[in-house]
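A.B. asks: Sequence and computational prediction follow.
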Amino acid sequence: MFEELRRRRNELRERRKRLRRMLKPLPRRANVHRYPVVRWFADWARKAPWLWSYKHSHVAPALYVGSVLSLLPLYGIQLLLAFLLAFFFRANLTVMVALQFITNPFTLLPVYGFTGWVGARLLKALGVGADWPDLVFATNALFVGGVVVGLGFALVIDLIWRFLRWEARRFREQLRRLEIEALEDAPQREA
């Protein structure tokens, strides 16, 4: 019984270490002053508790708004927009900023190529923009595709987030049950 409890506690510690390692380079309340643009708003950001909360009511808007923003053709100003939108939607800043790294110099061409293709297909299917110039059509296709693919991507991430929350809650309940059983067995061992 005690060995199982010890094993579960170590497993929980390892999970927390992995999560902290993954989140280390992202902005947090303690290191928000280190980021170039965010530094100007550091005092204001420290006073906004929702920017650092991992409650579902703060993570869900960050997932949806951050996913759509990351796939829009706004490369270069995404982080500033993510910061401003996190305040506006009362969303988790860490999640919102992390999603902006989906589009980077290595993924830029495939991501925008795919979102443009999806947007063009949707616009043609709806019969919109047939008489527009090619540049205007392509720009609108990028934006429409970015919104549609971003919402689909956000839905998948949200479902994964919900599953991980459920699994973590179940794990903690099992650990709590093991602790209670260990405490109940302790007097019997001593007797």
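C.D. replies: Done, it's in.

A.B. asks: Output the lowest-mean-pLDDT helix or strand in the chain as PDB, nothing but the C-alphas.
C.D. replies: The weakest-scoring helix or strand in the chain, judged by mean pLDDT, DSSP states H and E, is helix 42-46 (a mean of 71). The C-alpha trace of helix 42-46 is given here as PDB (Å, rounded to 0.1, in the frame of the first residue of the first chain):
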ATOM      1  CA  ALA A  42       4.400  44.500 -16.600                       C
ATOM      2  CA  ASP A  43       2.900  46.400 -13.700                       C
ATOM      3  CA  TRP A  44      -0.500  46.200 -15.200                       C
ATOM      4  CA  ALA A  45      -0.100  42.600 -16.200                       C
ATOM      5  CA  ARG A  46       0.900  41.600 -12.600                       C
END
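
A.B. asks: Who are the packing partners of it?
C.D. replies: Packing partners of helix 42-46 (3 or more CB pairs under 8 Å, 6 or more residues apart in numbering; DSSP states H and E): none among the helices and strands. From N, CA and C alone the C-beta is placed, and that goes for glycine too.

A.B. asks: Now do the very next helix or strand once past it: which elements does it pack against?
C.D. replies: The helix or strand immediately downstream of helix 42-46 is helix 56-71, counting by DSSP states H and E. Helix 56-71 sits against helix 78-89, helix 93-99, helix 134-190, with contacts defined as 3+ CB pairs under 8 Å, 6+ apart.

A.B. asks: So which of those helices is nearest Gly113?
C.D. replies: Taking CB to CB, helix 134-190 is the member of the helices and strands packed on helix 56-71 nearest to Gly113, at 9.6 Å.

A.B. asks: in this structure, which segments are predicted with low confidence?
C.D. replies: 1-2, 26-33, 35-40, 42, 186-191 (pLDDT under 70).

A.B. asks: Leu126: how many residues sit nearby?
C.D. replies: Using other CB atoms under 10 Å, Leu126 is surrounded by 9 other residues.
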